[in-house]
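J.: 3D model of this:
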Amino acid sequence: MRTQNIENTITGWFFSDDEIEMAISNNWMLNPSIDLANPCNLNCAYCYIEEKESTRKIRLPNELSHTEIIWTIEDMHTCGAKTINIVGAGEPTIDPRFEQIIQRIFDLGMTTVLFTNGIRFYYEPSLLNFLYERNVSVVLKLNSISTETQDLVAGQRGYARKRDEVLERLIDTGFAIPKPTRLGVDVIAFKGNVEEIPVIHKMCRSQNIFPIIGEYIPTGRTENGAFQGHNALGGFSDAESRRTAELLLPIDSTDRLVLLRSIEDIDNRFGIKRSSNFAYFGGSICTQVLGLYVDIQGNIWPCVARQKKTEKGFVSGWLGNIRNGDRPSEIWRNNLYLRSIRESFTGGCQFKHALTTRHEPSRA
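T.: Reported below is the predicted structural model:
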């Protein structure tokens, strides 16, 4: 079963089974993703977009122009896209073209799902009204309710305080009123926060906030699913750097099973219907696989994960580049691998750990 619960998704990710079947039958992409500029006003040591050896995120010399980004969005629209996820590559809201891109997506009749750290909203709260009026759903970074933990893993002291204020402003603006909600939080599970995630999940359920709780995407500073962003810790003391590296160790099979059971129990108490195949700990399916991902350098991928683990190791999912004349719409319609993904779609994730596989705790 892949039917979505309207209370367990976010506007822009919610599609009926009929819409999904129609999209698969007609080779439409429903839910593609793009990057904006690479710079970021944080320096998360677990960033899956950034190169693992880098010290911080800076502008790249070959980023897509505004014209190229708009062309990509319009090409996706011609292929049936109803949503555009803005997932990076850096912090989208500081891209100088941010408002124009949001406006164009809105003018095309599509929904934007915006992944953001929210810092710009702290300094420019009026921007929230601009986004609300253009039907944007906002997914805010929230990895810990501990100020120390959040600031360390985000690479900036004071971030947790700003984020908490922005979350309240988003709620006050009305993003958490509709169903599906238009407010989510993006939570990455690691050793340092795994015990507090049920508290975050319960808070979300009580306030109609969509909890997107997952594990490391196996690229960038978490290549192969393990923390590898040690070079990003230069802004902290040696003791803080060691502490951050300890916090960001990946969870193991025991952690995974305990966390999954805890969250299932919370969802049962809130009457939240979970899919039998799901991509996130909260029991929600992933519809982003029903769309391509185009990064800030024009590379085209099946998913933001960019690679897939197989029995023979990790395999790159690179499909082309728009600067080579490759059109995302044509690749989506004609690529045999993408066709197989559509035809086997269940809502689960084909790139990260399969949460629906119930592993028993290790007894080492």
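
J.: Quick one: the strands in the stretch 101-250 of the chain, in order.
T.: For the stretch 101-250 of the chain, the strands defined by DSSP state E, counting those that start in this stretch cover 111-116, 137-141, 183-188, 210-214.

J.: what about those, which gets the closest to Ile49?
T.: Nearest of the strands of the stretch 101-250 of the chain to Ile49, taken as Cβ to Cβ: strand 111-116 at 10.6 Å. Every residue, glycine included, has its C-beta placed from N, CA and C.

J.: Could you check the angle the closest one makes with strand 137-141?
T.: Strand 111-116 runs at 20 degrees relative to strand 137-141, counting by axes from the mean of the first three to the mean of the last three Cα atoms, to 10 degrees.

J.: From the contact counts, what lies against strand 111-116?
T.: strand 83-88, helix 98-107, strand 137-141 (3 or more Cβ pairs under 8 Å, 6 or more residues apart in numbering; DSSP states H and E).

J.: Quick check: can you name the pairing partners of it and their directions?
T.: strand 83-88 (parallel), strand 137-141 (parallel) (DSSP bridges).

J.: about what we covered before: with mean neighbour count and distance to Leu249 added, can I get the helices and strands packed on strand 111-116 in TSV?
T.: Formatted as TSV, those follow (neighbours: other Cβ atoms under 10 Å; distance: least, Cβ to Cβ, whole Å):
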stretch	mean neighbour count	distance to Leu249
strand 83-88	25	23
helix 98-107	17	34
strand 137-141	24	19
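
J.: Is it possible to get JSON lines of those that adds distance to Ile10 and mean pLDDT?
T.: Below are the helices and strands packed on strand 111-116 laid out as JSON lines (distance: least, Cβ to Cβ, whole Å; pLDDT from 0 to 100):
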{"stretch": "strand 83-88", "distance to Ile10": "10", "mean pLDDT": "96"}
{"stretch": "helix 98-107", "distance to Ile10": "16", "mean pLDDT": "98"}
{"stretch": "strand 137-141", "distance to Ile10": "5", "mean pLDDT": "98"}
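
J.: mind checking which of these is nearest Lys202?
T.: Here strand 137-141 is closest among the helices and strands packed on strand 111-116 (Cβ to Cβ), at 17.0 Å.

J.: Contacts for that closest one, please.
T.: Here strand 137-141 makes contact (Cβ atoms under 8 Å, 6 or more residues apart in numbering) with 10-12, 42, 111-118, 131, 154, 163, 166-167, 170, 175, 181-186, 210, 212.

J.: just so I know, which of the helices and strands packed on strand 111-116 lies nearest Trp332?
T.: That would be strand 83-88 among those, by Cβ to Cβ, at 14.1 Å.

J.: For the stretch 101-250 of the chain, which segments count as helices?
T.: For the stretch 101-250 of the chain, applying DSSP state H, counting those that start in this stretch gives helices covering 119-123, 127-133, 147-154, 159-173, 197-206, 238-247.

J.: Report the rounded mean pLDDT for the fourth one.
T.: Regarding helix 159-173, the rounded mean pLDDT is 98.

J.: next one: the shortest one
T.: Throughout helix 119-123, pLDDT has a mean value of 98.

J.: Run through the chain and note the low-pLDDT ranges.
T.: Within the chain, the segments meeting pLDDT under 70 span 1-3, 308-314, 351-354, 356-364.

J.: Please name the residues that touch Val153.
T.: Applying Cβ under 8 Å, 6+ apart to Val153 gives the contacts 44-46, 143-144, 190, 192, 244, 247-248.

J.: what do you get if the cut-off is 10 Å, keeping everything else the same?
T.: 42, 44-46, 141, 143-144, 146, 159, 188, 190, 192-193, 227, 229, 243-244, 247-248 (Cβ atoms under 10 Å, 6 or more residues apart in numbering).

J.: Just the buried ones among the residues you listed, please.
T.: 42, 44-46, 141, 143-144, 159, 188, 190, 192-193, 227, 229, 243-244, 247-248 (16 or more other Cβ atoms under 10 Å).

J.: my guess is Ile296 contacts Glu50, does it?
T.: No: contact criterion Cβ atoms under 10 Å: Ile296 and Glu50 do not qualify, at 11.5 Å.

J.: Between its first and last residues, how far does stretch 99-116 reach?
T.: 14 Å (Cα to Cα, to the nearest Å).

J.: what about that stretch, distance to the chain center?
T.: 16 Å (Cα atoms, centre = their mean, to the nearest Å).

J.: Now Ile272. Nearest residue, chain neighbours left out?
T.: Of all residues not flanking Ile272 in the chain, Asn8 sits nearest, at 5.3 Å (Cβ to Cβ, 6 or more residues apart in numbering).

J.: what about Gly118, distance to Leu183?
T.: 11 Å (Cβ to Cβ, to the nearest Å).

J.: quick one, longest helix in the protein?
T.: For the chain, the helix with the greatest residue count under DSSP state H is helix 253-270.

J.: Switch the helices of the stretch 101-250 of the chain over to JSON lines; also include distance to Arg339.
T.: Formatted as JSON lines, the helices of the stretch 101-250 of the chain follow (distance: least, Cβ to Cβ, whole Å):
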{"stretch": "helix 119-123", "distance to Arg339": "39"}
{"stretch": "helix 127-133", "distance to Arg339": "35"}
{"stretch": "helix 147-154", "distance to Arg339": "38"}
{"stretch": "helix 159-173", "distance to Arg339": "38"}
{"stretch": "helix 197-206", "distance to Arg339": "35"}
{"stretch": "helix 238-247", "distance to Arg339": "41"}
